[in-house]
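Asker: Predicted structure and sequence below. I'll ask about it afterward.
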Amino acid sequence: MQQEKPRGPAPIDDLIRSFLREHGLGSSGSHARVFNAWREVLEPGLRQHAEPVRYRAGELVIEVDSAAHLQEMKNFTGESYRKRANERLGKQAIRRVVFKLRG
């Protein structure tokens, strides 16, 4: 029978790193860099309409607030924004972008 380690107070940074690891976000904050790169390459008027909500294993999920923006991003501008965000990141971190209507 395996004994459990006694639990006690833990440093907050250890708890945060553990939480991020358990939720697939990593301890490096790579999702924040990806989110920021995405926001930086969008046209200023579009930033408020296309919000990054999840990044995992190279897939970036973007929620858009209207059917018109969803159509535009899926069919016309989304791929160019993905490429520009990767250029800003200096690597091919975003392999796929999924656009969803906010609901």
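Answerer: Good, I have the coordinates.
Asker: In what element of secondary structure is the residue most central in space within the chain found?
Answerer: Compute the mean C-alpha point of the chain, and by Cα atoms, centre = their mean the closest residue is Tyr55, 3.3 Å away. Counting by DSSP states H and E, the element that carries Tyr55 is strand 50-56.
Asker: So what touches that strand?
Answerer: With contacts defined as Cβ atoms under 8 Å, 6 or more residues apart in numbering, strand 50-56 is touched by 24, 30-31, 34-35, 38-39, 42, 60-65, 69, 73, 94, 99, 102. To be clear about C-beta, it is placed using only N, CA and C from the backbone, and glycine gets the same treatment.
Asker: Quick check: bridge partners of the residue nearest to the centre of the chain?
Answerer: Tyr55 has the following beta-bridge partners by DSSP bridges: Leu60.
Asker: if I look at it, how far off is Ala68?
Answerer: Counting by Cβ to Cβ, to the nearest Å, the gap from Tyr55 to Ala68 is 25 Å.
Asker: Phe99 - that's part of a strand, no?
Answerer: Yes. The assignment for Phe99 (DSSP: H, G, I helix; E, B strand; the rest coil) places it in a strand.
Asker: how about Arg33, what does it touch?
Answerer: For Arg33, the residues meeting the contact criterion (Cβ under 8 Å, 6+ apart) are Leu89, Ala93.
Asker: Checking it next. Helix, strand or coil?
Answerer: Look at Arg33: counting by three-state DSSP, its state is helix.
Asker: again with Thr77
Answerer: Going by three-state DSSP: Thr77 is helix.
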